[in-house]
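>>> after the sequence you'll find the predicted model.
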Amino acid sequence: MGGPQQRELVRPRLSVARDRDKLWTRSLGHRRASAKPYPDAVTLGERLHEEDVLSAIAPGPGASVKDSYATLDLARHGFDELFEARWITHDPSPAQSDWTVVQTTEELVEWTDAADQGNTLTPDLLQSAEVRFLAAQDQHGLSAGAVANLTGPVVGVSNVFATTIGEDEAWAAIPAAVNAVFPAAVLVGYEHGSDLRAAIAAGFSDLGPLRVWLAPPTPAV
């Protein structure tokens, strides 16, 4: 894996709609709080101009852009680089999994507390046919978790956490856990730091970089 076709399949995963101009944007006036899970714009092509991207979003503090190909330099437009990460992917795994799916609001509260996600993941997501909250249990309770989000032929893996087990063990179990709920779909995502190291150790492939940019808050007067 990791050739040009696979790179194109993975990177636009969150933005299969509005692909005409190689840029996905949220509707103006619908920006959430700073803990929002989605940016204001996601690039779907690697030859976009910075001015075109910025003109398509609501300007000002808190504006955010996910640069899917790490080709934009938004620092000269006053943005801070929030982080750089690497796109990752993994083939479906036919192995058996003992991970379970969160079913109730009470289970989701426990899951989000363990994942330190606060109120960013809401109970209405439990009703979505494309989203599954995955959980591993041991004698101590909830030991690890992840979100699986089906988009077309791929499943996005995000919000991975481990509590009483190691990151390596959690990431190694994710391909089989995802395949149990979304069979035969390719896994994709992006990570950095220790999660990236654990994902690569678990057999995920590195497809290249992306960056997330954030306009800083207005300085206090």
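Okay, I see it.
>>> contacts only, for the spatially most central residue of the chain.
For the chain, residue 158 is the residue whose C-alpha lies nearest the centre (C-alpha atoms, centre = their mean; 4.5 Å). Residues in contact with residue 158 (C-beta atoms under 8 Å, 6 or more residues apart in numbering) are 146, 147, 149, 189. C-beta here means a position set from N, CA and C on the backbone, and glycine is covered the same way.
>>> between these, identify the one with the most neighbours.
residue 189 (28 neighbours; other C-beta atoms under 10 Å).
>>> measure that one to residue 130 for me?
Look at residue 189 and residue 130: by C-beta to C-beta, to the nearest Å, they are 15 Å apart.
>>> same thing with residue 158?
Taking C-beta to C-beta, one finds residue 158 at 13 Å from residue 130.
>>> list residues touching both of the two?
Counting by C-beta under 8 Å, 6+ apart, the shared contacts of residue 158 and residue 130 are residue 149.
>>> okay, now the domains of the protein?
4-88+210-214, 93-184 (automatic domain parsing).
>>> what pairs with the host helix or strand of the residue nearest to the centre of the chain, and is each one parallel or antiparallel?
Residue 158 is located in strand 154-162, with elements delineated by DSSP states H and E. Sheet pairing for strand 154-162, assigned by DSSP bridges, gives strand 141-151 (antiparallel), strand 186-191 (parallel).
>>> could you dump the domains of the chain into JSON lines with mean pLDDT and distance to residue 200 added?
Converted to JSON lines, these look like this (pLDDT from 0 to 100; distance: least, C-beta to C-beta, whole Å):
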{"stretch": "domain 4-88+210-214", "mean pLDDT": "75", "distance to residue 200": "7"}
{"stretch": "domain 93-184", "mean pLDDT": "95", "distance to residue 200": "9"}
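>>> just to revisit the earlier point, deepest-packed of the strands paired with strand 154-162, please.
Compared across those, strand 186-191 shows the largest average neighbour count, a mean of 24 (mean count of other C-beta atoms under 10 Å).
>>> I am finished for the moment; much appreciated.
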